[in-house]
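Undergrad: My questions concern the predicted model and sequence given below.
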Amino acid sequence: MHGYSGDKQAYLTRLRRIEGQIRGLQRMVDEETYCIDILTQVSAATRALQAVALGLLEDHIAHCVADAVKSGGPEADEKMKEASAAIARLVRS
């Protein structure tokens, strides 16, 4: 069971909303909407994806990493490295 399992429907709802935003962006480009308006919507979609990513990261740390740390051993080290790498990827994006 993954850390986000309890919030799976909420994540799916948010991702579907973001998918709609992306389709809206495609439509805006197709209709040759003003550049700044498109960029504003790109920024909104990016923030929405970042919010999903942060939520997933919180769930991962609270469940997967915490459980591994309680158990100890090499799995704990691996989960900590995995979480650190995920944080680094989010910071770079």
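TA: Perfect, thanks for sending it. Residues are numbered from 1 along each chain as shown.

Undergrad: which residue packs closest to the residue nearest the centre of the chain, ignoring adjacent ones?
TA: The residue lying closest to the centre of the chain (CA atoms, centre = their mean) is residue 53, at 1.9 Å. Of all residues not flanking residue 53 in the chain, residue 90 sits nearest, at 5.8 Å (CB to CB, 6 or more residues apart in numbering). In short, each C-beta sits where N, CA and C put it, glycine included.

Undergrad: Next one: that neighbour, what pLDDT does it get?
TA: The pLDDT attached to residue 90 in the predicted structure is 91.

Undergrad: picking up where we left off before, quick one: the residue nearest to the centre of the chain from residue 38, how far?
TA: Noted for residue 53: a distance of 22 Å to residue 38, by CB to CB, to the nearest Å.

Undergrad: Distance from the chain centre to the longest helix along the chain, please.
TA: If each helix of the chain is counted by residues according to DSSP state H, the longest one is helix 35-59. Centroid displacement of helix 35-59 relative to its chain, using CA atoms, centre = their mean, to the nearest Å, is 9 Å.

Undergrad: got it, and stretch 14-26?
TA: In terms of CA atoms, centre = their mean, the gap separating the centre of stretch 14-26 from the centre of its chain is 14 Å.

Undergrad: which parts of that stretch are buried?
TA: 14, 18, 21, 25 (16 or more other CB atoms under 10 Å).

Undergrad: Identify those among those that sit within helices.
TA: Checking the buried residues of stretch 14-26 against DSSP H, those in helices are 14, 18, 21, 25.
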